[in-house]
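**Student:** Here is my input, please return the structure:
(chains A and B)
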Amino acid sequence: MLRWLKVDLHIHTVLSSCAELSMGPKDIVHKAVSEGLDMIAITDHNAADNVAAVIGAARNWPLTVIAGMEVSTKEEAHVLCLFEDVDRVMRFQEFIQAGLPEGVNDESFFGPQIICDENEHVLGKCEKLLAFSTRHPFDSVAAKARELGGIVIPAHIDRKSCSLLKAFGFVPQNAAIDALEIQEVKNLETLQMEHIKNSGYPIVTDSDAHDVDRIGSRYTYIYAAEASFVELKAALKGDGGRRISVREPAQEVLEATLYERNDE
Amino acid sequence: MILRDIIDKLGLKILSGEGSLDIEVKVAYASDILSDVMACAVKGGLWITNQNHQNVIAIVYFKTLAGAILAGGMMPDDETLAKARDKNVPLFQSELPAFEISGRLYGLGIKGSA
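**Tutor:** The predicted structure is shown next:
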């Protein structure tokens, strides 16, 4: 049976140097659950070392955690890449990090990049320059993510910097894109976004939380059988009546309920 | 040429890094692909770009460039400007397009590589 679920596909952890130190696995999970989210994705900049910790921290909670990464492409476009499991995201990480510039993270400039376990014990620090872009262009990043069965979502395309729309000047048609993420749903009403709305790609909105308080501030509704990567993928494709919405699906809930009653 | 003189001749607006203008500049690099700038810009050189986000500051800092010139009237956002001032990273701004800035620098004897 299909039902509406709340998902936030863009959350950072202490591994992102720009994130607050409050973004440890337990705190993220507790806040996500208290906000009524059914599924979240962990998407640190050019790294995924804390994904397993958040999945572990969510083990006894009604929350699904998707393995992801927010890649900075050569064109300065931020792109969310989501995967079915930790193994795949770590293979993807190898590819992305091979394209990062040489050098060691300067904590005094960017802040620390902390790797931790599910109990928020510090395991170490990532010394790579995660704050910079990989040398791989968008097309290669998307192709690699797809090769690993991943979902590709250009992030916050309504932002003035670090967005695919800003970097390209347009959103490519028939590209390896599964959805577009916008920050503000109201931006869909502006002229440029009208073009995005008509591009045919599904639209999602996420918190892009860098601190715990932001979790729950924005989320997307998916109409699916359960909170899982596979169901998310199906909802983005619109398979078997599954779908997604950035607006409260009150009316749709009603319709769905009536539909199911008629089925019985 | 001394950076301060370049700023005068091109009419650049100084956004940050006022204390670091008495150095000699011999080379410059123009690119908006930050990974390319990371790979190719030369230490002590100027950088002309249309990018205006925080990583512009990071690159000037990491590569020890003489500064970045934001072309075409680009302005940094508040966070970027605060970071530049905090780290004393020289950041300049011009209404001229990148091509025009590059041409004028070349005319002043600044070269594309060391």
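
**Student:** Can you name the residue of the stretch 101-250 of chain A nearest to chain B?
**Tutor:** Closest approach between the stretch 101-250 of chain A and chain B, counting by Cβ to the nearest Cβ: A:Ser161, at 3.9 Å. Glycine gets a C-beta too; all of them are placed from N, C-alpha and C.

**Student:** Kindly state the pLDDT recorded for the closest residue to that residue other than its chain neighbours?
**Tutor:** Spatial nearest neighbour of A:Ser161, excluding adjacent residues (Cβ to Cβ, 6 or more residues apart in numbering or on different chains): B:His53 at 3.9 Å. We have a pLDDT of 85 for B:His53.

**Student:** lowest-confidence helix or strand of chain B?
**Tutor:** Of all helical and strand segments in chain B, the minimum by mean pLDDT, DSSP states H and E falls on helix B:34-40, at a mean of 88.

**Student:** what packs against that one?
**Tutor:** Counting contacts by 3 or more Cβ pairs under 8 Å, 6 or more residues apart in numbering or on different chains; DSSP states H and E, helix B:34-40 is packed against helix B:54-62.

**Student:** Relative to the whole chain's centre, how far out is the helix it packs on?
**Tutor:** Here the centre of helix B:54-62 is set off from its chain's centre by 10 Å, with Cα atoms, centre = their mean, to the nearest Å.

**Student:** Give me the average confidence score over the helix or strand that that helix is followed by.
**Tutor:** Next helix or strand after helix B:54-62 toward the C-terminus (DSSP states H and E): strand B:67-70. Average pLDDT, strand B:67-70: 97.

**Student:** what about strand B:67-70 and chain A, touching?
**Tutor:** No - Strand B:67-70 does not reach chain A (Cβ under 8 Å from any Cβ of the partner chain); its nearest approach is 12.4 Å.

**Student:** List the contacts of that strand.
**Tutor:** Outside strand B:67-70, the residues within contact range by Cβ atoms under 8 Å, 6 or more residues apart in numbering or on different chains are B:3, B:10, B:12, B:15, B:17, B:20, B:46-52, B:56-57, B:59-60, B:76, B:89-94, B:101.

**Student:** what lines up beside that strand in the sheet?
**Tutor:** strand B:46-49 (parallel), strand B:91-93 (parallel) (DSSP bridges).

**Student:** before we move on, back to that, so what's the residue nearest to A:Ser161 up against?
**Tutor:** By Cβ under 8 Å, 6+ apart, the contact set of B:His53 is A:Glu76, A:Ser161, A:Cys162, B:Pro76, B:Asp77, B:Thr80.

**Student:** Lovely, talk soon.
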